[in-house]
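Visitor: Whatever this is, show me its structure:
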Amino acid sequence: MREHRGVSREELQQSALVAVAVLLVLGVVAAWSVLIPGVSAWENIVVALIGSLRLTGPVAAAFAAWVAVRRRRGTGRRSLTTWQAMRAPLAILVAVVGSFTATVLVLAVRTMLTEQVGRLLPSGLVMGVAGLALYVTIGWVTGWQLPWTITPVLAALGCYGLFTWLAQGKTWADQLAPATREPYDVFQGLSSTAFTDQTLWLLGVSTALLLGWAALVTRQALVLAGSLLAVLAAGTGMARLLTEPPTIAAQRVVYSCQEWPITVCVHPGMRTGLPELGSEFVKIASRLAGTPGEFSRLEQRPRSDGDTLPDGAIPIHVDDLSNGFADEAADEFVEGLAQECDGTPAGGYRDIVVAWLRGKPLPSGPLPEHQYAAAWFSGLTETQRREWLRLHYADFVGCRLQGGHFGGQAAQTPQPGQFAQATRTGQATQADQATQAGQDDRAYQDDQISRNDRAYQNGLPGPFVQAPQAPQAGQAGQAPQAPQAGLGRPPGHHGRAARTWSPDGPPAGEPAGRTRGETARRTTEEAHRRG
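Guide: Numbers count the residues shown, from 1 in each chain. Coordinates of the predicted model:
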């Protein structure tokens, strides 16, 4: 190009180099932001490269508009041949495609350093090039028709707004934008047929616009005829996109599994998340053991999958491996065990059980009975809580938990004094469990005894104690059976030495709760005196 045409060849080359560098950096950053964290799959790379067009496309359109404005001012009203008209936009397109190719190479090198699953779809890369061609064509035609200084900015903003609106729309028009839905489903895969149809549409409409502009500038009928043929190609691609059902290139997923301590299976592209998922869900599995909700196998499934799994296996949903993904999957699973019951008193009781399953502090709840229930439940051991959940699992799932399930009387609100006593008992029991091996049982009784403890020691029925049944015939010498763990005793009194019964029961005049060793010693001394 000569100097009087508004932009010299040297200036165009320097501008092209700057544009390539800017588009390369911007493309890598944009693609990296679209990558699904932790997914090692070639489909993830293709989706990221196409997603980078949302930023690199408008920049390419602005660059093309800037060159077109300079070229239009230098050309004036002189007539141009077809080659003279097409040379500059084609050079811009070559520079833009070069930056896209460099972005592909950068991500490919990063990808080849790690093991990837799936396959690289060339049709997806070609569709990305076709999308850039459309951006460049729109920018060039806009800059030529509106040779203003502000036109490059208008072209960039217009392209960004138009294609963002199309891509995020819920109508058929979203398939016409040079983009793909994000994030993609790792189990569904990508469609080569859809990419091919979209490429035909994008190249057809780009060629039609560029040849139509060239026919207007050169006034040549042959160029106009080529533009009409390009319109037919674009129409064919649009018809195929809108009428043909998408052909998904999904392959049978061979799970990557971790077998211990529980079996966890995920998509092979997310196998790096197996240790964290196993560590998070083994705690939940231990608390659900022995209940109707127990499981021994986890399988990652798509959210749209409605297939049932065999007994002992549960589905989990993991969208990516960003920070906290295992916590989110565990929260979603536990919250899905029981139906929501917001706005009812049962919701507070449900939250207590859910917090325990997740290993979080028990919530006090908005009502006094919720606080009482949390204090009572905190006093149980893990074994007793599992037994409690086994018995009341149906009520937990159906949102039918009441105060009677937590050591209180049904439909009875605890008095303030009872709540304070239960709270102190629960807190003391937690401290006792933490230092149980080094505590003296008598000091524990002196410090933590309550009215319910006395009732238990005297063999009387209390709020948490069931009265012992009368012995059956032939069992007169047997001691009454103690209540089952977690179902009748007060919090903190499970299996202690001071609660054991001797085979013959406590000697007359001796307080109940004496240890087996003390009873045996006194029995031996009494036998010596009698002898």
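Visitor: where's Pro292 relative to Gln339, distance?
Guide: Pro292 sits at a distance of 15 Å from Gln339 (criterion: CB to CB, to the nearest Å). Placement of C-beta: from N, CA and C, glycine included.
Visitor: any idea how far Gly38 is from Asn323?
Guide: Look at Gly38 and Asn323: by CB to CB, they are 10 Å apart.
Visitor: Does Pro292 touch Tyr393 like I think?
Guide: Yes. Counting by CB atoms under 8 Å, Pro292 touches Tyr393, with 4.9 Å between them.
Visitor: Have a look at those two and say which one is more surrounded.
Guide: Neighbours per residue, other CB atoms under 10 Å: of Pro292 and Tyr393, the larger number sits with Tyr393, 19 against 11.
Visitor: ok now do the more buried one, which residues does it touch?
Guide: 291-293 (CB atoms under 8 Å, 6 or more residues apart in numbering).
Visitor: Quick one: mean pLDDT for whichever strand or helix holds Tyr160?
Guide: Element membership of Tyr160, judged by DSSP states H and E, is helix 151-168. Mean per-residue pLDDT for helix 151-168: 92.
Visitor: What of stretch 259-275?
Guide: 89.
Visitor: how long is that stretch from one end to the other?
Guide: Terminal residues of stretch 259-275 lie 10 Å apart, using CA to CA, to the nearest Å.
Visitor: So which bits of that stretch are buried?
Guide: 262-271, 273-274 (16 or more other CB atoms under 10 Å).
Visitor: coming back round to it: show the subsequent helix or strand relative to the helix holding Tyr160.
Guide: Counting by DSSP H and E, the next helix or strand C-terminal to helix 151-168 is helix 192-218.
Visitor: Could you measure from Ser99 over to Ser304?
Guide: As judged by CB to CB, Ser99 and Ser304 stand 37 Å apart.
Visitor: hmm, back to that, farthest-separated two in the buried residues of stretch 259-275?
Guide: Within the buried residues of stretch 259-275, Ile262 and Gly269 form the most distant pair, 21.4 Å apart (CB to CB).
Visitor: Give me the number of neighbouring residues for Ala85.
Guide: By other CB under 10 Å, 24 other residues sit near Ala85.
Visitor: ok, now which ones touch it?
Guide: Neighbouring residues of Ala85 by CB under 8 Å, 6+ apart: 213-214, 217-218.
Visitor: if I've got this straight, it is in a helix?
Guide: Yes. Remark: Ala85 belongs to a helix, assigned using DSSP: H, G, I helix; E, B strand; the rest coil.
Visitor: Give me the distance between it and Thr137.
Guide: Per CB to CB, Ala85 is found 13 Å from Thr137.
Visitor: Could you do Leu107 as well?
Guide: Counting by CB to CB - Leu107 and Thr137 are separated by 26 Å.
Visitor: Show me which of the two is the more surrounded one.
Guide: Legend: neighbour count by other CB under 10 Å for Leu107 and Thr137, higher for Thr137 (25 against 21).
Visitor: Name the helix or strand for the more buried one, please.
Guide: Per DSSP H and E, the secondary structure element for Thr137 is helix 122-145.
Visitor: in that helix, what counts as buried?
Guide: Applying 16+ other CB under 10 Å to helix 122-145 flags 123-144 as buried.
Visitor: so what does it touch, helix or strand wise?
Guide: helix 42-51, helix 53-75, helix 82-112, helix 151-168, helix 192-218 (3 or more CB pairs under 8 Å, 6 or more residues apart in numbering; DSSP states H and E).
Visitor: could these be laid out in JSON lines, adding distance to Gly235?
Guide: As requested, the helices and strands packed on helix 122-145 are exported to JSON lines (distance: least, CB to CB, whole Å):
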{"stretch": "helix 42-51", "distance to Gly235": "23"}
{"stretch": "helix 53-75", "distance to Gly235": "23"}
{"stretch": "helix 82-112", "distance to Gly235": "23"}
{"stretch": "helix 151-168", "distance to Gly235": "18"}
{"stretch": "helix 192-218", "distance to Gly235": "7"}
